[in-house]
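Chemist: sequence and predicted model, in that order:
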Amino acid sequence: MTEGTDIRGRIEELRERIRYHNRRYYVEDAPEVSDAEYDALYGELEALEGEHPELVTADSPTQRVGGEPLEGFEQVRHAVPMLSLANARKLDDLHEWDARVRRLLGEDEEIEKLRYVTELKIDGLAVSLRYEDGRYVRGATRGNGTVGEDVTANLRTIRAVPEGLSDDPPGVLEPRGEVYIPLDKFDEFNGRQEAGGKRPFANPRNLAAGSIRQLDPKITAERPLTMFCYGIGEGGEPYESHSSALDALKGYGLRVNPYKVHDSIEGVAKECAYWAEHRESVGYQIDGVVVKVDSREQQRALGSVAKAPRWAIAFKFEPLAARTRLNEIIINVGRTGALTPQAMLEPVNVGGVTISRATLHNEDYVREKGILVGDLVVVERAGDVIPQVVRALVEERTGDERPFEMPKVCPVCGEPVSRPEGEAVTRCVNARCPAQALEHVIHWATKAAMDIEGLGEKVATKLFDLGLIRDVADLYGLKAEEIEPLEGFAEKSAQNLVRSIEKSKEQPFSRVLYALGIRHVGSVTASLIAERFDGDDLLAGVTVEALTEINGVGAVVARAVVDYFALEDNRDLVRRLKDAGLNLEKESAGPQDGPLAGKRVVITGTLSRPRGYFVEKLEEAGGTFTSSVSKNTDYVLAGEEAGSKLEKANSLGVPVLDEAGFEELLT
Ligand SMILES: NC(=O)c1ccc[n+]([C@@H]2O[C@H](COP(=O)([O-])OP(=O)(O)OC[C@H]3O[C@@H](n4cnc5c(N)ncnc54)[C@H](O)[C@@H]3O)[C@@H](O)[C@H]2O)c1
Ligand SMILES: [Zn+2]
């Protein structure tokens, strides 16, 4: 075989594999390989085609935007195509791109006017909205760039997609942007999935893409989707620059991706380097920084190649995936008794963090993915999502791998475990199980629970290992002399710990109730219950009916509380806490314990009523009004023209609410 046919063969093979993965990713929303693996195939193809331009064909995946529209949806033709973006992997690539832009612009005065805009590259699903005379008339996915899917009704369920625009927009306007799911919402959603015994989603992008491409908009409406705009299709002509177009979109009442303008590529490179380091401080999944030439005229002069504009480039972060050996699967027993299989990995660096364990979610996940102990696997870390094993490299097997089996008894206490029918989770139901007790002590000491300073996971583990405590009630009998000999402790620090344990006795009953870790009882629910019942009432046994009379307490929560106090072991624990002097008194309902208790909220922009009205509502609900956005801000209520505070909130990942979202929190 000559070298020529060899390369031709490899190119064809790569194209075939990339086309296959494109379908899995864009059409089925169920990628089989990580983005990093996909990018490696794509990079190889691009490099080969670069060396052999005569082999480039129009149907190569490098020349076409991925993703044919799904059947079952009406098709929408994009008059202005929705293109992809060229990639920069290294800062050097950015400088090369800058040099090319300057060369193409040619004239000195043009180069003088050159400005770049940077925006975060959100990992979601690209969509195009269409407004006619300011009314929302259509929404479509990118599809193959020219033809997308009509998802008008689905996009309408997203709050960030207004029915009507304000401020006199052009007759036809197609705002374009990314639909995505914030990380906290994704975690909550997956948590609910798992609690309901359903399978969790692999990452926010898949959930977002799958949610938009639902035939039933009711399902879409239940998904925590939001959207950022970052461009305009049809109707973009009047704006002189990209930045002024974004400002205009904001003025029309759309959510706009925050941006920055730079007058040199050095500034751009700095921005990219900054976000590569701080990607995890953003509340949603990002995979890079998009750089665009600001001037529309210059954009037109630069034009596009087949698949992407020449006037923009995506600086992509280092992949957060790696391959490594799965040495062992251990079982982690959580505070609620859930048994989670965890992969013990040959330590591997993933995006600057060394990973030696990753979650395997549950028994079904391991089975469906066909993962064996001893496999070479791909691990991924995405934003705040805990590392997970995404797949096994079956082709690398040696034959020494062995299947995983879920144990029949709890690996910690030895009692039989149970897996209720229809649920994915296997649980240890023994309330005295030490694994749960340790997790329980850690939870007990957290800020939102009893707030015991100096009692973290490490210390708690030592106290357990030395047999000084078996459960949270034992904490209240600890003496400084017992703690002092522990590694890392001295006389003073031991006394401090005893003092902070002692101080926690002053916490109100609602905190104690929350700290008990009863399933489904969060701090808000705990407050509601503590306003109606005291510790003795609960010990004496309350009924589901009595609990559900409380506004805000549903049957599931009530059942969990009743079940908890039905167990002698649990009643015994609560009695011992009472004897130790903890506060189990009923609480009075007051403004401090409303649905927004302890929440710090910033209110900004033009709202439908005077700001004082919202401040009053907020305070009635127990929240605090603050004037500037910081990491400690819990929410930003943003009206129209919210400006810099909204941008700050977005860059810090603080949840942003509109009026309807705010009202919802009050109930
Ligand atoms: N895992 C897989 O099997 C698989 C398969 C296909 C594609 N992929 C992933 O998709 C990538 C290629 O997808 P692509 O062609 O959509 O290109 P891309 O994601 O690299 O870039 C283009 C897209 O970026 C998005 N975007 C986000 N923020 C933006 C902003 N501020 N301005 C403009 N656009 C913004 C838009 O959706 C746009 O369509 C690959 O690099 C890979 O990571 C993965
Ligand atoms: Zn157990």
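Modeler: Cool, the structure landed. Ligands and ions are numbered 1, 2, ... in the order given.

Chemist: excluding chain neighbours, give the residue nearest to residue 533 in space.
Modeler: Of all residues not flanking residue 533 in the chain, residue 542 sits nearest, at 6.1 Å (Cβ to Cβ, 6 or more residues apart in numbering). Placement of C-beta: from N, CA and C, glycine included.

Chemist: pretty sure the one you found is touching residue 563, no?
Modeler: No: the pair residue 542 / residue 563 is not scored as a contact, 11.7 Å apart, by Cβ atoms under 8 Å.

Chemist: where does residue 386 land on pLDDT?
Modeler: Turning to residue 386, the model gives it a pLDDT of 70.

Chemist: just residue 180 next, same as before
Modeler: The predicted local confidence for residue 180 is 97.

Chemist: how about the contacts made by the residue in the stretch 351-500 of the chain that ligand 1 sits nearest to?
Modeler: Relative to ligand 1, the nearest point of the stretch 351-500 of the chain is residue 390 (9.6 Å; Cβ to the nearest ligand atom). Applying Cβ atoms under 8 Å, 6 or more residues apart in numbering to residue 390 gives the contacts 34, 202, 321, 369, 377-380.

Chemist: compare residue 542 and residue 563 and say which is more crowded by neighbours.
Modeler: Of the pair residue 542 and residue 563, residue 542 is the one with more neighbours under other Cβ atoms under 10 Å, namely 17 against 13.

Chemist: doesn't that one fall inside a helix?
Modeler: No: under DSSP: H, G, I helix; E, B strand; the rest coil, residue 542 falls outside any helix and is assigned coil.

Chemist: ok, it - contacts?
Modeler: Each residue near residue 542 by Cβ under 8 Å, 6+ apart is listed here: 533, 561-562, 565.

Chemist: residue 315 too?
Modeler: When contacts are counted by Cβ under 8 Å, 6+ apart, residue 315 touches 87-88, 91, 93-94, 121, 272, 288-291.

Chemist: just the buried subset of these, please.
Modeler: Neighbour counting with 16 or more other Cβ atoms under 10 Å marks 87-88, 91, 94, 121, 272, 288-291 as buried within the contacts of residue 315.

Chemist: those residues in helices, which ones?
Modeler: 91, 94, 272 (DSSP state H).

Chemist: what residues does the protein have near ligand 1?
Modeler: Near ligand 1, the residues belonging to the chain are 21-22, 24-25, 31, 33-35, 38-39, 65-66, 84-85, 119, 121-122, 126, 142, 178, 230, 257, 290, 314 when assessed by Cβ under 6 Å from any ligand atom.

Chemist: lowest-confidence helix or strand of the chain?
Modeler: The weakest-scoring helix or strand in the chain, judged by mean pLDDT, DSSP states H and E, is strand 624-626 (a mean of 74).

Chemist: tell me which residues of it are tucked away?
Modeler: Residues of strand 624-626 classed as buried by neighbour count (16+ other Cβ under 10 Å): residue 625.

Chemist: what is that strand packed up against?
Modeler: With contacts taken as 3 or more Cβ pairs under 8 Å, 6 or more residues apart in numbering; DSSP states H and E, strand 624-626 sits against strand 600-604, helix 611-620.

Chemist: ok now it, how far from the chain's centre?
Modeler: Centre-to-centre, strand 624-626 and its host chain are 26 Å apart (Cα atoms, centre = their mean, to the nearest Å).

Chemist: adjacent strands (with direction) for that strand?
Modeler: When pairing is defined by DSSP bridges, strand 624-626 lines up against strand 600-604 (parallel).

Chemist: could you list the residues in contact with the strand it pairs with?
Modeler: Contact partners of strand 600-604, identified using Cβ under 8 Å, 6+ apart, comprise 611, 614-615, 618, 623-629, 632-639, 642-643, 645-646, 649.
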